[in-house]
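Student: I'd like to go over a predicted model; first the sequence, then the structure.
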Amino acid sequence: MSELQSVEAALAALLEGVVAVDAEIVDCAQASRRVLADEVIARLDVPPFHNSAMDGYALHHADAGQRLPIVQRIAAGVSPQPLMRGTCARIFTGAELPQGADCVVMQEQVEVVGDAADIPAQVPADNNVRHRGSDVAAGAVLLEAGHRLDAAALGHLASQGVVEVAVRRRPRVALLNSGDEIVEPGRPLAAGQIYNTNRPMLKELLERFGAEVTLIATMPDDAEGTRAMLALAADQAEVVVTTGGVSVGEEDHVKAAIEEIGRLDLWRLALKPGKPLALGRLDASDGREVRFVGLPGNPVSSFVAAWLFLRPLMGALLACPALATLPTLSARADFSTRAGPRRHYMRVALNMAQGEVTAHAFPDQGSGVLSSCVKADALAVVPANAQVNPGDRIDCLWLRVD
Ligand SMILES: Nc1nc2c(c(=O)[nH]1)N[C@H]1C(S)=C(S)[C@@H](COP(=O)(O)OP(=O)(O)OC[C@H]3O[C@@H](n4cnc5c(N)ncnc54)[C@H](O)[C@@H]3O)O[C@H]1N2
Ligand code: MOO
């Protein structure tokens, strides 16, 4: 296992055989960011009736260019009377168009004289009319399976009167960190200790990717304790994520434990940062096979690897295409760099000016420099051994989840 594996090979190994988690029914009010398990079929036409797009006057277009008596007033929510030819109706935005009318003239274009309205000439049929079913037709697919419920999708469901939806259960993830030097915020730091950066950062990323973090713990810094903790985690999750302890030092117990009680599929990748990433499987005591993702301890390495590996894994577990792939865009580099033998994922800020997106790289790209991630919009991908000069086009992976 000394050769470095490609990111693509690692992703393929991680996603191989992943089956989507089962579905559950949730109230739409609690469904924010959840992923639809089934397609939703529209049961109503939206809008449900022809209606006016403006405050104005409804008429038959053949009666335009005349003074027409105003014979009814139709507010939104009112069922109108049929309209006789040679007359018009006062109508408000969203109100139902009366039978016999086929257009609306906005009030700014109409002169009202007593009980009549002077309508301008040549108003086309359908002017300012929103037709029944023009947004959604009953029986059509309202939302596809795998759609992540964002603001517009929740509004779309509500437009159908839907109150409950079938969504994927949140994949359960156990998040474990290693390292004797790691202390939780709120406690004093002794000499040589640092605060646990990875825990809140990865919990937040995992939840944004759609996971439920069911276990958070620190692994003991010995082989037996590490094995016991990993076995416990496998029983409580579909995915076990660890940080630290995957490098080559004697204190790095995680990889050894996976090799003993599970299966290590892959270790050491041709990417920077994140080289010592370890991927494998663990067996839960009920016979389930659980994915293992061993992230490097360096905070930047685990941040980058979470976007590259945990997000697609959540996409596969949730059967959600939008999560499965990172959106890619092409930008112009404003920096120069030369990658070594590993593909480099550089943290960059994106700036839009004069229709061009520019990628600005942070000067210190070290894997312990988390401030580069705080300001980053994207990861610029520099192929192995490639040279990048200012002005070159570079592919960037956009660090965003809708
Ligand atoms: N001789 C070699 N040494 C190292 C190699 C190598 O190939 N040969 N690889 C280096 C690379 S690249 C990385 S990345 C790190 C990964 O090491 P580990 O995953 O075993 O992580 P640790 O050694 O436990 O920690 C690395 C670093 O990160 C800090 N850390 C760990 N956990 C946290 C946390 N929860 N919050 C904040 N900071 C954390 C830890 O203190 C270390 O500074 O190995 C290199 N070494
Ligand atoms: O691969 Mo390590 O993540 O560069 O620091």
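Tutor: Good, I have the coordinates. Ligands and ions are numbered 1, 2, ... in the order given.
Student: run a quick neighbour tally on the residue nearest to residue 392 when sequence neighbours are not counted.
Tutor: Of all residues not flanking residue 392 in the chain, residue 333 sits nearest, at 5.0 Å (CB to CB, 6 or more residues apart in numbering). Quick note: C-beta positions are derived from backbone N, CA and C, even for glycine. For residue 333, the tally of surrounding residues (other CB atoms under 10 Å) stands at 22.
Student: so residue 333 versus residue 295, what's the distance?
Tutor: Distance of residue 333 to residue 295, computed by CB to CB, to the nearest Å: 27 Å.
Student: do residue 180 as well
Tutor: Residue 180 is 18 Å from residue 295, by CB to CB.
Student: which residues touch the closest residue to ligand 1 within the stretch 251-400 of the chain?
Tutor: For the stretch 251-400 of the chain, the residue closest to ligand 1 is residue 297, as judged by CB to the nearest ligand atom, at 2.5 Å. With contacts defined as CB atoms under 8 Å, 6 or more residues apart in numbering, residue 297 is in contact with 177-179, 198, 243-247.
Student: bridging residues for the residue lying closest to residue 335 once chain neighbours are set aside?
Tutor: Spatially, and ignoring its direct neighbours in sequence, residue 335 is nearest to residue 361 (4.2 Å; CB to CB, 6+ apart). When bridges are called by DSSP bridges, residue 361 pairs up with residue 348.
Student: which bits of the stretch 151-300 of the chain sit near ligand 2?
Tutor: 272-275, 296, 298 (CB under 6 Å from any ligand atom).
Student: mind listing what's buried in stretch 228-240?
Tutor: 229-235, 237-240 (16 or more other CB atoms under 10 Å).
Student: farthest-apart pair in these, please.
Tutor: 229 and 238 (17.0 Å; CB to CB).
Student: from residue 204, how far off is the residue in the stretch 51-200 of the chain that ligand 2 sits nearest to?
Tutor: Closest approach of the stretch 51-200 of the chain to ligand 2 (CB to the nearest ligand atom) occurs at residue 198, with a separation of 12.4 Å. According to CB to CB, residue 198 stands 11 Å off from residue 204.
Student: with residue 176 instead?
Tutor: 16 Å.
Student: so for these two, which residue has more residues nearby?
Tutor: Per other CB under 10 Å, whichever of residue 176 and residue 204 has more neighbours is residue 176, with 23 against 12.
Student: go ahead and confirm the more buried one touches residue 219.
Tutor: Yes: here residue 176 reaches residue 219: they are 5.1 Å apart, a contact under CB atoms under 8 Å.
Student: mutual contacts of those two, please.
Tutor: Common neighbours of residue 176 and residue 219 (CB under 8 Å, 6+ apart) are 229-230, 242.
Student: show the pLDDT at the residue lying farthest from the centre of the chain.
Tutor: Most distant from the centre of the chain: residue 114, at 56.4 Å, with distances by CA atoms, centre = their mean. Residue 114 carries a pLDDT value of 98.
Student: repeat that for residue 330.
Tutor: Reported pLDDT for residue 330: 97.
Student: got the contact list for it?
Tutor: 357, 393-396.
Student: assign it to helix, strand or coil.
Tutor: Using DSSP: H, G, I helix; E, B strand; the rest coil, the structure places residue 330 in strand.
Student: that one bridge partners, please.
Tutor: Bridge pairing for residue 330 - DSSP bridges - gives residue 395.
Student: look up how far residue 394 lies from it.
Tutor: 7 Å.
Student: same deal with residue 39?
Tutor: 38 Å.
Student: higher neighbour count, these two?
Tutor: Neighbour tally, residue 39 and residue 394, criterion other CB under 10 Å: the higher count belongs to residue 394, 23 against 13.
Student: ok, that one touching residue 334?
Tutor: No: taking contacts as CB under 8 Å, residue 394 lies outside contact range of residue 334: 10.0 Å.
Student: need the residues touching each of these two.
Tutor: residue 359.
Student: what helices and strands are in contact with the helix or strand of the chain with the lowest mean pLDDT?
Tutor: In the chain, no helix or strand scores lower on mean pLDDT, DSSP states H and E than helix 254-261, which sits at a mean of 88. Identification of packing neighbours for helix 254-261 by 3 or more CB pairs under 8 Å, 6 or more residues apart in numbering; DSSP states H and E yields helix 223-235, strand 262-267, strand 278-283, strand 289-295.
Student: can I get it in PDB, CA atoms only?
Tutor: Taking C-alpha atoms only, helix 254-261 is exported to PDB below (Å, rounded to 0.1, in the frame of the first residue of the first chain):
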ATOM      1  CA  VAL A 254      -6.700   4.100  14.100                       C
ATOM      2  CA  LYS A 255      -5.400   2.600  10.800                       C
ATOM      3  CA  ALA A 256      -4.000  -0.400  12.700                       C
ATOM      4  CA  ALA A 257      -7.400  -0.900  14.500                       C
ATOM      5  CA  ILE A 258      -9.300  -0.900  11.200                       C
ATOM      6  CA  GLU A 259      -7.000  -3.400   9.700                       C
ATOM      7  CA  GLU A 260      -7.600  -5.700  12.800                       C
ATOM      8  CA  ILE A 261     -11.300  -5.400  13.300                       C
END
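Student: all set now, cheers.
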